[in-house]
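>>> Just a sequence and a predicted model for now, questions to come.
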Amino acid sequence: MKIQTTAALAIMAIAGSTQAQLLNPSFETPGFPDVFNAWGQFGGNINPDLDELILDGDVSAKIFGNFTGGFNNSGMFQTITATVNPGDIWQASINTAHLSGDELQEGALAFLSLVYIDANGVNLYDYAVDALTPSDPADTFILRTAADVAPLG
């Protein structure tokens, strides 16, 4: 994994519905044109992992750098249409890991983000936490959670 790699998983809350829940949260269902059904993606280098580190089910999502040494970013997201009231607490969690011999390198970022978008598509606010750091133990899943209060709008 190159130093300039950025991996992100964003859960976006926008006004409209009464409940929010991820679809295909364990990446079991393939998708097209994206790698996993219900997950949008940006950048590249996102693949199903069928044999290295799997928490439950048969698949993990593997996000990695482009190995060219230049800046690159890759990530996955779901946009959840939901009624969001100012002051509501929203939460998203992710289990992340890196492999021995292919650890996240110093300077690389992996984060989990809550993004609040209004009905007009304007990004009101986002909140992020580190999802994986270079000092995290290899070959071990770590549960990370982003929880934040919904903004006005």
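Done, it's in.
>>> Please name the bridge partners of S74.
When assigned by DSSP bridges, S74 has beta-bridge partners A7.
>>> my read: it touches D34, true?
No - with the criterion set as Cβ atoms under 8 Å, S74 and D34 do not qualify as a contacting pair; they are 11.9 Å apart. Using the backbone N, CA and C atoms, a C-beta is placed for each residue, glycine as well.
>>> okay, and the common contacts of these two?
Taking Cβ atoms under 8 Å, 6 or more residues apart in numbering as the contact definition, S74 and D34 share the neighbouring residues Q41.
>>> quick one, which of the two is more surrounded?
Set side by side, S74 and D34 show more neighbours around S74, with 18 against 15, by other Cβ atoms under 10 Å.
>>> Could you measure from the more buried one over to Q21?
Computed with Cβ to Cβ, to the nearest Å, the distance linking S74 and Q21 is 24 Å.
>>> do F32 as well
Plainly put, F32 is 22 Å away from Q21 if you go by Cβ to Cβ.
>>> what does A108 give?
When Cβ to Cβ is the yardstick, A108 and Q21 sit 30 Å from each other.
>>> Compare those two (neighbour count), which wins?
Counting neighbours by other Cβ under 10 Å for A108 and for Q21 shows that A108 has the greater number, 19 against 8.
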